[in-house]
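Novice: have a look; sequence and predicted model below, questions after that.
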Amino acid sequence: MNLADARTAISHTLGRMTALYSKPIFDEWILVKISSDQNAILSYDGPRAESYQKKFKEDIVPLRAELNQRTMAVGDFAFAPGAIGTGLDACIRLGPASYLFCNNTAKSIEEIRQSPLWLEAQKPFVALSGKFRDDPLV
């Protein structure tokens, strides 16, 4: 999958999740490339466009704790139940060196999961992970 198609798939999926949950589950997302020779932000959408980069290393701490416990294959996803505020809530590995980080800047994933609407709203997220498993971002 190319970058433009990845952005479209992400936006469509998060929009679908919002519709099923009746409010945004994730109000920001960051698409990054992480490799030994280069780390780059490929795309961002959310309310902190001017400031998210300054706090990225701090915001990823709760999710990093989850990710350090396992090796993620392309298409795998993880949630950080302990993330609050701007702490990143979720991640999907999109390709060999690319990741999608999602966040709700007002609620934790634990709070989001308390709604019965979560069960249906998470299905598009799982489907998105499958899209990238079948067609990784290059």
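Specialist: Ah, there it is. From a predicted model like this one, the values you see are computed outputs, not experimental measurements.
Novice: what is the least confident helix or strand in the chain?
Specialist: Across the helices and strands of the chain, the lowest-confidence element by mean pLDDT, DSSP states H and E is helix 61-67, at a mean of 83.
Novice: helices or strands up against the very next helix or strand once past that helix?
Specialist: Note on helix 61-67: by DSSP states H and E, the next helix or strand toward the C-terminus is strand 77-79. For strand 77-79, the packing partners by 3 or more CB pairs under 8 Å, 6 or more residues apart in numbering; DSSP states H and E come out as helix 61-67, strand 90-93, helix 123-134. Placement of C-beta: from N, CA and C, glycine included.
Novice: so what touches the shortest one?
Specialist: In this case it means strand 90-93. 26, 63, 66-67, 72-80, 99-103, 109, 125, 128-129, 132 (CB atoms under 8 Å, 6 or more residues apart in numbering).
Novice: next one: the helix or strand encompassing Ala4 to chain centre, how far?
Specialist: Ala4 belongs to helix 3-21 when assigned by DSSP H and E. For helix 3-21, the separation from the chain centroid amounts to 11 Å (computed by CA atoms, centre = their mean, to the nearest Å).
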